[in-house]
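In: This is a predicted model, with the sequence first.
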Amino acid sequence: MSTQIVFWLCIALVIYAYAGYPMLAALLARRYGQVPFEGSADGDVTVVIAAYDEEARIAARVRDILEQDHPAGRLRVLVVSDGSRDDTARAAAIDDPRVQVLALPENVGKAMAINAALRHVDTEIVVFTDVRQSFAPGALRALVAPFADPSVGAVSGELVIATATHGTGEGVGLYWRMEKRLRSDEAKLGWLHGVSGSIHAMRRSLFRPMPPGTVLDDMWMPLQVLWSGYQVWMARDAIAFDRASSSVDEEFQRKLRTLAGNWQLVARLPWLLNPLRNPVFFAWFSHKFLRLLVPWALLAALAASAFAPGPIYRVAFIAQLLGYGGALAGLVLPKLAARLPLLPAASSFVMLNFAALLSLPASLAMDPSRLWKKH
């Protein structure tokens, strides 16, 4: 295969993964998308929070949930203290009969903590959230309402991230806004296969225990729902608020962990790679898997343009070098990135794809003993 063909195939892959597929999903959702009907949101609900060393924040988080507009007698909160070294369990046990605390003797990781929690849940709907977020008023009601449609097995809320202080924050924010729009379009087509770990819910009967060390519980659970023949919906009025990463390094580590978790899922759920068995193969392959391949395509395009004959490839090679150089400068000099248009987006693109490049070796070298990553 000639270097010219390699170059254009790689560029096509990158464009399709980040622009072509989202545009296709948007067009199809506009024409063929469906919205589940909503009904009463007053049923019995249990909100599960897995916590590790969260003594300082857990009580406020529990109160934030109990203040939601939901019938008091139908709302429960179950806090799992996952072998915490501090007094998380005591702090979570506020004086309210709706709150239950499960203290695990050892740190087993978030996935196993959730498994343990679900053995104590008997409500039809279970909601999952983390400690560091807060819910907007009405978030719980908006999250539960779509379950009136019997075809809906899981519902994702929408995470709103505060503006970051580092220079790439604007670029990460742009990426996240595009990601949420894509997820919304996928939901309308019945293709949604991931949820926001900070605010999502599912039918208790569809939960399948996760293997130890599972990184992406917010993909494992909705994939099991899809496997069972149900739909995953996105309720954009169910909003959780979170802070942005405080530094480029923190954002990079968070993204690397997520992308490595995608490789882990492929290993643990090999049916994802089978178009005949994966009910959302086209969406999963286009949205998740191709983005793991994009950094390799970018490297191949750079190498191909360096060796391909003709002035157009010389220009392409120089343009790529200049683009990567500017993006790296934006990462090293965040104040500079904040002042120049498009530089934050370019810096974020390079950072995210560098994380994707390292995600496969990171997944192979993942240390099961580091069960929780504190932010």
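Out: Here it is on my side, so go on.

In: Residues contacting stretch 288-308, please?
Out: 2-4, 6-7, 10-11, 13-14, 16-18, 21, 193-194, 259, 262-263, 266, 272, 313-314, 316-317, 320-321, 353-354, 356-357, 359-360 (C-beta atoms under 8 Å, 6 or more residues apart in numbering). Heads up, the C-betas are built off the backbone N, CA and C, glycines and all.

In: Please check the residues you listed and keep the buried ones.
Out: With burial judged by 16 or more other C-beta atoms under 10 Å, the buried subset of the contacts of stretch 288-308 is 3-4, 6-7, 10-11, 13-14, 16-18, 21, 193-194, 259, 262-263, 266, 272, 313, 316-317, 353-354, 356-357, 359-360.

In: In contact with residue 207, which residues?
Out: Residue 207 sits in contact with 118, 126, 221, 224, where contact means C-beta under 8 Å, 6+ apart.

In: Inside helices: which ones of those residues?
Out: Among those, DSSP state H puts 118, 221, 224 in helices.

In: nearest residue to the first one other than its sequence neighbours?
Out: Spatial nearest neighbour of residue 118, chain neighbours left out: residue 207 (5.3 Å); criterion: C-beta to C-beta, 6 or more residues apart in numbering.

In: Residue 180 belongs to a strand, doesn't it?
Out: No: if the criterion is DSSP: H, G, I helix; E, B strand; the rest coil, then residue 180 is helix and not within a strand.

In: Could you shift the numbering so residue one becomes 159, and keep it that way?
Out: OK, 159 is where the count begins now, so the last one is residue 338.

In: Can you list the low-confidence ranges for the stretch 209-358 of the chain?
Out: The stretch 209-358 of the chain contains residues with pLDDT under 70 at 321-331.

In: in it, which spans are strands?
Out: Here the stretch 209-358 of the chain has its strands, by DSSP state E, counting those that start in this stretch, at 233-240, 257-262, 283-287, 292-293, 310-319, 358-361.

In: wait, isn't residue 266 in contact with residue 239?
Out: No: counting by C-beta atoms under 8 Å, residue 266 sits too far from residue 239 to count as a contact (11.3 Å).

In: In terms of neighbours, single out the busier of the two.
Out: In terms of neighbours (other C-beta atoms under 10 Å), residue 239 is the more surrounded of residue 266 and residue 239; the figures are 28 against 19.

In: Tell me who's in contact with the more buried one.
Out: Residue 239 neighbours (C-beta under 8 Å, 6+ apart): 209, 210, 246, 247, 250, 259, 260, 261, 262.

In: Which ones among the buried ones among the contacts of stretch 446-466 map onto helices?
Out: 161-162, 164-165, 168-169, 171-172, 179, 417, 420-421, 424, 471, 474-475, 511-512, 514-515, 517-518.

In: which residues in the protein form helices?
Out: Using DSSP H, helices in the chain cover 161-173, 179-190, 216-224, 246-250, 268-276, 297-302, 327-347, 375-385, 406-426, 439-442, 448-465, 469-490, 492-497, 501-522.

In: The last one: how far from the chain's middle?
Out: Put plainly, it is helix 501-522. From the chain centre to the centre of helix 501-522 is a distance of 15 Å (C-alpha atoms, centre = their mean, to the nearest Å).

In: quick revisit: and the residue nearest to residue 276, how far from residue 388?
Out: To residue 388, residue 365 is 12 Å away according to C-beta to C-beta, to the nearest Å.

In: that older thread, closest one to residue 394 among the helices of the chain?
Out: Distance to residue 394, taken as C-beta to C-beta, is lowest for helix 327-347 among these, at 6.2 Å.

In: Can you name the residues that contact the closest residue in space to residue 186 that isn't next to it in sequence?
Out: The spatially closest residue to residue 186, leaving aside those adjacent along the chain, is residue 347, at 5.8 Å (C-beta to C-beta, 6+ apart). By C-beta under 8 Å, 6+ apart, the residues touching residue 347 are 183, 186, 187, 190, 191, 441.
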